[in-house]
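In: Okay, predicted coordinates and the sequence, questions at the end:
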Amino acid sequence: MSNDQNKQKFEILGELTAVVAHELKNPLGTIRNSLFLMQNRLNEEYVVDEKIDEILSRIFRNIDRCNNIVNDLLDFTRHTKLIKRRINISQLIDKVLEDLVKPSSIQINNDVSPNLHLNIDPDRMHRVFLNILKNSIEAIMDPEVGKGAGYVNITSSITDQHTIISIYDNGPGIDTSSSEQLFEPLISTKSFGIGLGLSIVQDIMKKHNGCATLSGELDKYAQVDLKFNKKM
């Protein structure tokens, strides 16, 4: 198969993926809204049933997982032009944390300098921080290797060449020998999802003339460094 045929094949696959992902969003939204109304009706009727509550919670969690996969597919196939402006990074992270659903057993600390501003696309970078923080939370809460409780620290630093935002978690850690592969599409250490989260992070960082790197140690920690070129 020629390069042109390969390119055409992947373009068609990308378009198909985008259509399927878009079509799945509507029924998922309908299911979630219907369950929410059902839950409210049970509360109004003062129905107390721990088994029903457990089932509803499980359904909501799995709808969220499916939604995350759909959003990853849409992000992976989307070729939107960046709309950059000067943004306060600490304030942007605060907004991300407002949108983030996390267990009470996990503490997230935003220690990024309150004076740090970067010329970025806030919507795309919101996605970057959201993806990384979700990964940290899922790793800490993983029933097989996670600790069930822990913390995530977000810090900033500046070198001669880069402004760096670091996201550190004390979850199950990573094997550094495979850290670069985790930024490739369809590669994941989790038992669910499709392995696009970190590849989307890397793609967005490259569009900002930066990069993401991953470091860590098994059973100790994992850290993602978002490196922004100071000449950007």
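Out: Sure, I can see it.
In: least trustworthy helix or strand in the protein by mean pLDDT?
Out: Within the chain, no helix or strand scores below helix 3-44, which has a mean of 73 by mean pLDDT, DSSP states H and E.
In: Let me know the next secondary structure element after it.
Out: Later in the chain than helix 3-44, the nearest helix or strand by DSSP states H and E is helix 50-77.
In: Quickly note the distance from the residue nearest the centre of the chain to residue 230.
Out: The residue lying closest to the centre of the chain (CA atoms, centre = their mean) is residue 131, at 1.2 Å. Remark: distance between residue 131 and residue 230 (CB to CB, to the nearest Å) = 24 Å. Quick note: C-beta positions are derived from backbone N, CA and C, even for glycine.
In: now swap in residue 130 and tell me
Out: 25 Å.
In: again with residue 93
Out: 20 Å.
In: and those two? which has more neighbours close in?
Out: It is residue 93, of residue 93 and residue 230, that has more neighbours when counted by other CB atoms under 10 Å, with 23 against 12.
In: which element is that one on?
Out: helix 89-99.
In: can you pull the buried residues of that helix?
Out: Buried residues in helix 89-99, defined by neighbour count with 16 or more other CB atoms under 10 Å: 89-90, 92-93, 96-97.
In: Whichever helix or strand comes after that helix versus helix 89-99: what angle between them?
Out: Once the chain leaves helix 89-99, the next helix or strand it forms, by DSSP H and E, is strand 106-111. Interaxial angle, strand 106-111 versus helix 89-99 (axes from the mean of the first three to the mean of the last three CA atoms, to 10 degrees): 160 degrees.
In: Show me the contact partners of strand 106-111.
Out: 90, 93-94, 97, 100, 102, 133, 137, 140-141, 149-156 (CB atoms under 8 Å, 6 or more residues apart in numbering).
In: again, but for stretch 121-132
Out: Applying CB under 8 Å, 6+ apart, the set of residues contacting stretch 121-132 is 75, 80, 82-85, 87, 92-93, 95-96, 99-100, 154, 167, 197-198, 200-201, 204-205, 207-208, 212, 224, 226.
In: Sort out for me which of those are in strands.
Out: 85, 87, 154, 167, 212, 224, 226 (DSSP state E).
In: now the first one, which residues is it bridged with?
Out: The partner list for residue 85 in beta bridges (DSSP bridges) reads residue 120.
In: where does it land on pLDDT?
Out: For residue 85, the model assigns a pLDDT of 95.
In: contacting residues for it?
Out: 119-122.
In: Going by neighbour count, which of the residues you listed comes out on top?
Out: residue 120 leads the contacts of residue 85 on contacts (other CB under 10 Å) with 24 neighbours.
In: what's near enough to touch it?
Out: 84-85, 87, 208, 228.
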